[in-house]
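Trainee: I would like to see how this sequence folds:
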Amino acid sequence: MAQLCRPLWTVAAWESAFTEVYGGIAMAQVIAHVTMSLDGYMAGPDVGPEHPMGRGGERLHRWLFDDADEVDAAAARRQFALTGAVLLGRRTFDVGVGVWGDTPYPAPCFVLTHHPAPDRTERSGTFTFVTTGLADALDQATVAAGERAVTLMGADVVQQVLRAGLLDELHLQLAPVMLGGGRRLFEHLGTDHIELERLAVEESPHVTHLRFRVVK
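Mentor: Sure thing, here's the model as predicted:
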């Protein structure tokens, strides 16, 4: 489960942030952006509509709501600036849509699912339900992202993209807490060796921001 809470960025602020941070440079990347506990969980136990982040999991995203810390605020701005489309799993959609009250980012969102559903248009974008597999869903998201990146949400989607060798960057927010159980990010990855190149490390009182490039 990727993060389910959404910072309050307007579409105009999102566009301005991209221009300011990246100058409109084409990204064309697939990025997993995940907050994780020190013991490897991206959600607590018993994820569901009553506990979208699992029991205790909301602790992971405390950094998103501390406006006093510029390191965290800058990291949130950067991710919103990067995101041109979102690829997420059906479970992430089911437990998150009520929390978001909109799309998780102001961008087209593609939901990988086995169950067809009509498009769902929200204030900041549209959820498109894709039943034709990961490759097709990722292709649609890449086209929609244009010059920006595809942001992945949901453990299963991230794991599928990693196994397929299609992930470009991994952006982790490592929270100083141990949840003791829940949904892990790094499992079901198969036996292939995955090498990472560290791009950046930034610290705040709430999380350590880590960015890696997946070596291919």
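
Trainee: going by C-alpha atoms from here, please, whenever you check contacts or count neighbours.
Mentor: OK.

Trainee: how about the helices in this structure?
Mentor: Counting by DSSP state H, the chain has these helices, from start to end: 11-22, 70-82, 90-100, 134-145, 155-163.

Trainee: could you measure from residue 142 over to residue 170?
Mentor: To residue 170, residue 142 is 17 Å away according to C-alpha to C-alpha, to the nearest Å.

Trainee: oops, could you answer that again for residue 32 instead?
Mentor: Counting by C-alpha to C-alpha - residue 32 and residue 170 are separated by 5 Å.

Trainee: winner for burial among the helices of the chain?
Mentor: helix 155-163 (a mean of 21; mean count of other C-alpha atoms under 10 Å).

Trainee: report the separation between residue 126 and residue 153.
Mentor: Computed as C-alpha to C-alpha, the residue 126 to residue 153 distance reads 16 Å.

Trainee: equivalent analysis for residue 42, please.
Mentor: Distance of residue 42 to residue 153, given as C-alpha to C-alpha: 11 Å.

Trainee: so those two - more neighbours on which side?
Mentor: Between residue 42 and residue 153, counted using other C-alpha atoms under 10 Å, the more crowded position is residue 42 (31 against 24).

Trainee: so the more buried one touches residue 185, yeah?
Mentor: Yes: taking contacts as C-alpha atoms under 8 Å, residue 42 lies within contact range of residue 185: 6.2 Å.

Trainee: isn't residue 149 up against residue 32?
Mentor: No: Residue 149 sits out of contact with residue 32 when judged by C-alpha under 8 Å, with a separation of 10.1 Å.

Trainee: same question for stretch 130-146, mean pLDDT?
Mentor: Taken as a whole, stretch 130-146 carries a mean pLDDT of 96.
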